[in-house]
Structure formats: structure tokens, C-alpha cells
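Student: coords below, sequence missing:
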């Protein structure tokens, strides 16, 4: 089964042809997509996509760029929204110290709110981290000590040390089109060391289109290129990679029933 674990189909880049993009994904063999919430002001659009399509599920949360606008967000708010049908995860949330579009202390506070919601609901946490390895590693360790929660290091491009720490805490990892970029040697090196039973794939569309589509608007139909890149990097067959990533996906997003069991 081909699954795109991270799409942003509510994004304005798809306003002109959203239905066609979804149709192309299906034609390319994509069986499931997870539509990601990046801020609560667009959550209704995100949730509506999941409600309208049997092969789309969604998350609820706020990206670290948006933390400054979510300072009053509570874990109870997230928990309440997570009870809606077809919501299967908390996030995208985390830390982004590259752009610093929200103050770092506010990013940290809002991230911890998401962790609390993930712990309470049992839903997986979709974690964004960029140029914040030390702080992210410290927060994950502190929060795990308060009580366990499952988490996904989405579109992982951070360092090997954080990857090792996160893996020891039971993290899943998702691989994106960045792994196919010619200069992404460090990313591929980390991918080689990820836990083989906890790797999934994503497009993060409309961003980060994989080779040979780099520079274009990304879309879920391109996820096969990411899957092939992962196979090449790990030395797995494409069929084996598909099985491994499918199993890992359903082990993480366990609110989604496996189609063969429904």
C-alpha cells in the first residue's frame, strides 16, 4: 500500500485544482493520505477534506511558525477537537529555530501543550524540528519522563545525535523528497540508521517536491519517488519498502483501520 503520511491539501497552492490533485494521487496508487493541521484557523478546512474523502484522514495542531497566535491554546482545546471523526494525530507542532517566526519561548510553551494532548489522547504527535536539536532532545526527554507518548519526527533533516536520542525514546521517522536531493548526503546518512520498523514516507506537499520534480509544486502523486529513494538508501527492494512503511504507518496511526481488516 502506498501512503502519503503528510499532505497540506488545504494550502492555497491547491485552490485551483484540489480535486484534480486528489484524483492524480489515486491514479498513482496512493491509497491513504493524512492531511496535516498547521493552525487552528484552517482546521475546519483540514477536517472538511478528511470528512469528504474516505481515503483522507487528518490531524489537529499548530505549526511552530504559528505559535505566537496560539498562546491561549490549551491541551483541552486540542483534546476536544481530536474527538472529531477522522482525526488521527496531534500536530504538526514543534520547534523551528531557523526562521524564528514565533519567539522561541512561545514555541516551546505551545509545543508542550501539544505533547500534553498527545499523552492524554494516545494519539501520535507529529513533530517539526529545525535547527533546534539540543532543545528538542531535552524537551522530548523531559516530557517522556512525565508520561509516555508516541511521536513522529516528520520530514526528518536534523542531526544524527537527535535522531539517535529520539529513536531510543521510540520515535517514528518520516522521509520526504529532501532525501532525493543531490546535496542531501547527511540526510541520507541519518536515514540509513533509522529504526527499520519505524520509517514512513511523506511528500509534505505542496513543498519539497522530490527529484525528478524538484522545483515544481509537490503533490501526493509524487510519493512513489520518495518511496523509491528510501528503498535505494536502505538497500531494500521497492516491494519490501512498501510493506515496511505500510506496517510502520498503521502501527503509529492506529486510529486508522487497515483496509484489509475492514
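Tutor: Good, I have the coordinates. These figures come from a predicted structure and were not determined experimentally.
Student: Mind pulling the model confidence for residue 262?
Tutor: The predicted local confidence for residue 262 comes out at a pLDDT of 42.
Student: How about residue 173?
Tutor: Note for residue 173: predicted pLDDT of 98.
Student: now swap in residue 46 and tell me
Tutor: On the pLDDT scale, residue 46 is placed at 98.
Student: Quick check: it vs residue 86, distance?
Tutor: With the distance defined as CB to CB, to the nearest Å, residue 46 ends up 10 Å from residue 86. Placement of C-beta: from N, CA and C, glycine included.
Student: Give me the common contacts of these two.
Tutor: residue 58 (CB atoms under 8 Å, 6 or more residues apart in numbering).
Student: what separates residue 186 from residue 46, distance-wise?
Tutor: With distances taken as CB to CB, residue 186 is found 32 Å from residue 46.
Student: who's more crowded, the two?
Tutor: Comparing residue 186 with residue 46 by neighbour count (other CB atoms under 10 Å), the higher total belongs to residue 46, at 24 against 12.
Student: Poorly predicted segments of this structure, please.
Tutor: Low-confidence segments of the chain (pLDDT under 70): 261-262.
Student: make it 90
Tutor: Counting by pLDDT under 90, the chain contains low-confidence ranges at 259-262.
Student: and the next element down the chain from the strand ranked longest in it?
Tutor: Ordering each strand of the chain by length in residues (DSSP state E) puts strand 87-96 first. Next along the chain after strand 87-96, taking DSSP states H and E as the criterion, comes helix 104-121.
Student: List the buried residues in stretch 184-200.
Tutor: Under the neighbour-count criterion of 16 or more other CB atoms under 10 Å, stretch 184-200 has 184, 187, 188, 190, 191, 194, 198, 199, 200 buried.
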